[in-house]
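1. Dropping a prediction and its sequence here:
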Amino acid sequence: MGLWETLRQLRPANPSSGRCNIELQRRCNSNSNSNKANQTVHQGQVQPLPEAQQLSEVTEQTLQVWRALPAEIRHDPSMASFQMENERIHALIYGSTAGDSEEGGEEKEEGEENTPSRLQEMPDGIASSYAGSDFLDIKLKPGCDGDKSTDDEATTTHSDQDPQANGPGNAKSLARRIHHRSKRSKEQLQRDKLWKRCGLLSFWGLAAIVLITVGEKHLLEKIVQVPQGEQGKFFQLDQKPTGDFRLKLHGAFGESPTLLFTGDHNENETLSHSFLIVQPQISILDRNQSQVFRDILEPWQLPLLAEDELDNAAAVSRNHTYYMTTELKDLLAHKDSRIRLHIYSDAGKDLAIELSYNPLIVNTRTGSILAGIILLIFYGLLVSEQLERPFAAMICSVLSVTALAVFHDRPNMEEIKEWIDMELLTLLFSMMILILILTETGVFDYLAVVCFEMSGGKIWPMIYSLCLTTCLVSSILDNMTTVLLLTPVAIRLCEVMQLDPIPVVMGIIVHANIGGALTPIGDPISIIISSNHFIVGNGINFLTFVAHMLPGVLLALVQSCIYLRLYYRNIDELRLNEPKELRELRREIKVWQRALNAVASCSKDAQLVRGTLQSRVKQLKRTLRRQNRGVGSSEIYTSTLDELKQKYPIKNKRLLLQSVGTLIFVLVCFLIQSVPHWRTLPLGWVALLGVILLLIVLNRDDMEHLIHRVEWTTLLFFAAMFVMMECVERLGLLVSIGELTEHVILTVDKHHRLTVAIFMILWTSALASSVLDSIPVTAMMVKLVTSLVAKQSLELPLQPLVWALTLGTSLGGNGTLYGASANVIAAGIAEQHGYKLSFTRYLKTVLPMMLGQVTLVTVYLMLSHVVFNWN
């Protein structure tokens, strides 16, 4: 037995054949207490060929191919014919030595693969394979023209070691390599941290130096009384502008501020109501060396409200930038030159306005380049994920303020506080508290079970029902409230169905923005556009808005559902933790596939074994596909549903009634406040009043614990984003985008001007909303649309441009994770539940969808408004 002992020492340790046989018997003889999913797998096992037929075809060469297979494959019931023939031959040859020793019995049970003759007959790779392992070291036989499988796992080894090198020296070398890689990765990580720290310190030093050395800009602000008539008021500017300068006026102004082109003014553009006109003037010396003022630059014309509304109307702000010309710069260079404003109106009464003068602003071209660099840095930090989102937003907001300070346009703290939208932050804070209290009742878990029951436990019906519900709710409520309410339900439902919540959360984000475009009250973007006085005055009401938005929204909805189904056609990408039954079934398919790849089809004997293996692989794959569609059988669905209903009931019905009552009050007030004529209270105040009412009713003592659960990082991120976006706008990026769009439209022939205008406004607003926040983009583009329509010489209809702007900004907000406020809110809720939605993953998944939606909407707008003139 010396040779046998030597051979046993050469073989790597593997599971005993007895244990393998027990496992196979367990799989084949499942009793009624076994898992039903496992029963489904084994009920579909391939039946072996008839014993008489297969035994007549099994030869010694066929058995050699069979013996090269792993033990788990050899002892499967589908290979019973080969096993019986092998045992018959084995009993004839080795029957006399069966009882020599326990080790000899083990070798008999294993078969003949470890005898010297078998070792010599096997290929090199198979001789050293780990027969009982899930990961096999399989090498295809050289010189055979059989199936050349492209399966990457055909040559997978048991470990990173060479399978034939099992000595202690090789183990030590492997340990040294692992240690070296670990040490190198730690050194690389330390270097990355050092570079990040140095970069942040450099930024901090630059910002500190600039902000300390450059003081805040204090603007000239005056209340000016403007008498009626052309004489008006002359306002002296004590500080000469050194570059482009800006005026900001507060007064009873109407919509659509335009420039009055004195030289090219078209007679058809009649003034239908009163205007306030601001004309810059500069003094020059005449022949008598006396100062004479003459007009410079173009006058700024602002429409006024009706005279009976001037005294009681709320003041609104308007600003305009005057660009420095070479002639003006030369005139201002003279020591004795002066500059003033001639302000007059054609109204029938005196006016009072508040004037703010900014003598130096950043040059638009230079500022646009700086703003682009800041945005690149911001998105670069988000993509690299080197910093947390709130910290990255804080850094870029400070960087943008520093950029303004470099050009002596540093904002003061009062301006920065005005930039932060406190109404939105109050709305988010209040709704977060309301949802936290609702979570304690278990209502989100209960709703998740209801959705599971309605979808029948099927994955795609559940996803589509959530997306359609989100779209409908978002058309009535604003999309931020919609995602606050539905995202927790979706996450809990995904956890119940063992799915990854991130794809479903992305679907909710997309459909919340799509649904918000359907009605004038569904989205802040729609509210900004539909409440514009110029747009309302041109006959765009609720029904007109919905009628024109409905086809575009339906196209986007159908495209998004089809896209999601195609993008996640592999159902495994939707699973969070694959069930144990599926993992076991997938592992079994992998083992059988590797065994199939290892058998070359060089002869009839090998083909016999390959045919059995292929049948088994196909049957296992069919079983896997059936189980991937959902919960499996109706019995499993019923038992799972009963278990979920028992596990997730309503925990506190009294608290639920109180919370739902408060939520209904808030939602009804939201609907009332969404109507322009009934709007008396901001939405943030409505939500805050509802939360205060609920806290009074509950009389809670754990307020500190409740406040700690508020997602302050999301609120901080929004505040930093507001500051950064306002600085980007102040640097002139949005103005440059608007001017470029207007320039392209004006250079086109009149017959094609509407086509180009629709295309430019739609795609410019969509792409800009993807990079910037969609709300400031909408505010800027509304001014551009109204100014283009107000120029009657262009003969552009209003409605097609309004629909293009609404669809462009709403759909464009889906382009990136920070294109709309609802995106950030949903990502924050998911992260609070432990699921991080990264910028890169969102971009890869949703950006192509957004581009496809905008393309479909472009076709719709061209057909409806250019071809069929549905204006």
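-> Arrived safely. Numbering: from 1, shown residues only.
2. CA only for contacts and neighbour counts going forward, please
-> Will do.
3. per-residue confidence at Pro48?
-> Pro48 carries a pLDDT value of 44.
4. Tell me where the stretch 351-500 of the chain has strands.
-> Taking DSSP state E, counting those that start in this stretch as the criterion, the stretch 351-500 of the chain carries its strands at 351-358.
5. and what of the chain?
-> Under the criterion DSSP state E, the chain contains strands at 220-226, 229-237, 245-251, 258-259, 275-285, 291-295, 300-303, 316-322, 339-345, 351-358.
6. Format these as a markdown table; extra columns: distance to Ser787 and mean neighbour count.
-> Shown next, in a markdown table, are these (distance: least, C-alpha to C-alpha, whole Å; neighbours: other C-alpha atoms under 10 Å):
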| stretch | distance to Ser787 | mean neighbour count |
| --- | --- | --- |
| strand 220-226 | 25 | 15 |
| strand 229-237 | 25 | 15 |
| strand 245-251 | 18 | 18 |
| strand 258-259 | 6 | 17 |
| strand 275-285 | 15 | 19 |
| strand 291-295 | 24 | 14 |
| strand 300-303 | 12 | 22 |
| strand 316-322 | 13 | 15 |
| strand 339-345 | 20 | 21 |
| strand 351-358 | 23 | 18 |
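7. Confidence-wise, which of these is weakest overall?
-> The minimum mean pLDDT among the strands of the chain belongs to strand 258-259 (a mean of 41).
8. In space, what's closest to Trp592 - neighbours in sequence excluded?
-> Val617 (6.4 Å; C-alpha to C-alpha, 6 or more residues apart in numbering).
9. hang on, the earlier thing: would you list the strands of the chain in JSON lines and tack on distance to Ser455?
-> Shown next, in JSON lines, are these (distance: least, C-alpha to C-alpha, whole Å):
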{"stretch": "strand 220-226", "distance to Ser455": "62"}
{"stretch": "strand 229-237", "distance to Ser455": "70"}
{"stretch": "strand 245-251", "distance to Ser455": "56"}
{"stretch": "strand 258-259", "distance to Ser455": "55"}
{"stretch": "strand 275-285", "distance to Ser455": "61"}
{"stretch": "strand 291-295", "distance to Ser455": "72"}
{"stretch": "strand 300-303", "distance to Ser455": "56"}
{"stretch": "strand 316-322", "distance to Ser455": "51"}
{"stretch": "strand 339-345", "distance to Ser455": "65"}
{"stretch": "strand 351-358", "distance to Ser455": "60"}
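10. Looking at those strands, which is nearest to Thr640?
-> Closest to Thr640 of those is strand 316-322 (C-alpha to C-alpha; 59.6 Å).
11. for Leu427, what are its contacts?
-> Neighbour list for Leu427: 683-685, 687-688 [criterion: C-alpha atoms under 8 Å, 6 or more residues apart in numbering].
12. Then Ile73?
-> By C-alpha under 8 Å, 6+ apart, the neighbours of Ile73 are 79, 592, 595.
13. roughly how far apart are it and Glu584?
-> Ile73 sits 15 Å away from Glu584, going by C-alpha to C-alpha, to the nearest Å.
14. again with Phe868
-> In terms of C-alpha to C-alpha, Phe868 sits 59 Å off from Glu584.
15. Please apply the same query to Leu641.
-> Distance of Leu641 to Glu584, computed by C-alpha to C-alpha: 24 Å.
16. and the contacts of Leu427, which are buried?
-> Neighbour-count burial (16 or more other C-alpha atoms under 10 Å) is assigned, among these, to 683-684, 687-688.
17. And these, which is closest to Met862?
-> Among the buried ones among the contacts of Leu427, and counting by C-alpha to C-alpha, the member closest to Met862 is Leu683, at 36.2 Å.
18. Reformat the buried ones among the contacts of Leu427 into CSV and put distance to Met780 and pLDDT next to each item.
-> Compiled in CSV, the buried ones among the contacts of Leu427 are given as follows (distance: C-alpha to C-alpha, whole Å; pLDDT from 0 to 100):
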residue, distance to Met780, pLDDT
Leu683, 23, 78
Gly684, 24, 83
Ala687, 28, 86
Leu688, 30, 90
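19. Just the closest of those residues to Thr62, please.
-> Closest approach between the buried ones among the contacts of Leu427 and Thr62, by C-alpha to C-alpha: Ala687, at 77.4 Å.
20. Pull the number of nearby residues for Gly522.
-> 29 (other C-alpha atoms under 10 Å).
21. What are the phi and psi values at Gly834?
-> phi 100, psi 10 (degrees, to the nearest 10).
22. hmm, back to that, any idea which of the strands of the chain gets closest to Thr469?
-> Here strand 316-322 is closest among these (C-alpha to C-alpha), at 38.1 Å.
23. quick revisit: quick one, which of the strands of the chain is nearest to Leu837?
-> strand 316-322 (38.7 Å).
24. partners of the closest one in the sheet?
-> Under the criterion DSSP bridges, strand 316-322 sits next to strand 245-251 (antiparallel) in its sheet.
25. ok, Gly828 - contacts?
-> Per C-alpha under 8 Å, 6+ apart, neighbours of Gly828: 711, 714.
26. Equivalent analysis for Glu573, please.
-> Contacts of Glu573 (C-alpha under 8 Å, 6+ apart): Asp500.
27. For it, give me the pLDDT.
-> At Glu573, the model reports a pLDDT of 78.
28. if I look at the nearest residue to Val782 once chain neighbours are set aside, how far off is Leu585?
-> Closest residue in space to Val782, ignoring its immediate chain neighbours: Ile529 at 6.8 Å, by C-alpha to C-alpha, 6+ apart. Per C-alpha to C-alpha, Ile529 is found 55 Å from Leu585.
29. Same question for Ser465.
-> In this view, Ser465 and Leu585 are 30 Å apart by C-alpha to C-alpha.
30. out of these two, which sits in the busier spot?
-> Neighbour totals were compared for Ser465 and Leu585, and Leu585 leads with 19 against 14 (other C-alpha under 10 Å).
31. Is it correct that the more buried one is in contact with Val617?
-> No. In this structure Leu585 lies outside contact range of Val617 using C-alpha atoms under 8 Å: 10.7 Å.
32. From Arg841, how far off is Ser384?
-> With C-alpha to C-alpha as the criterion, Ser384 and Arg841 are 12 Å apart.
33. I misspoke; the intended subject was Leu355.
-> Applying C-alpha to C-alpha, the value for Leu355 to Arg841 is 48 Å.
34. same deal with Val591?
-> Taking C-alpha to C-alpha, one finds Val591 at 32 Å from Arg841.
35. check contacts around the residue lying closest to Ser337 once chain neighbours are set aside.
-> If you skip the residues right next to it in sequence, Ser337 has Ser283 as its closest partner in space, 5.6 Å away by C-alpha to C-alpha, 6+ apart. With contact taken as C-alpha under 8 Å, 6+ apart, Ser283 is in contact with 291-294, 337-339.
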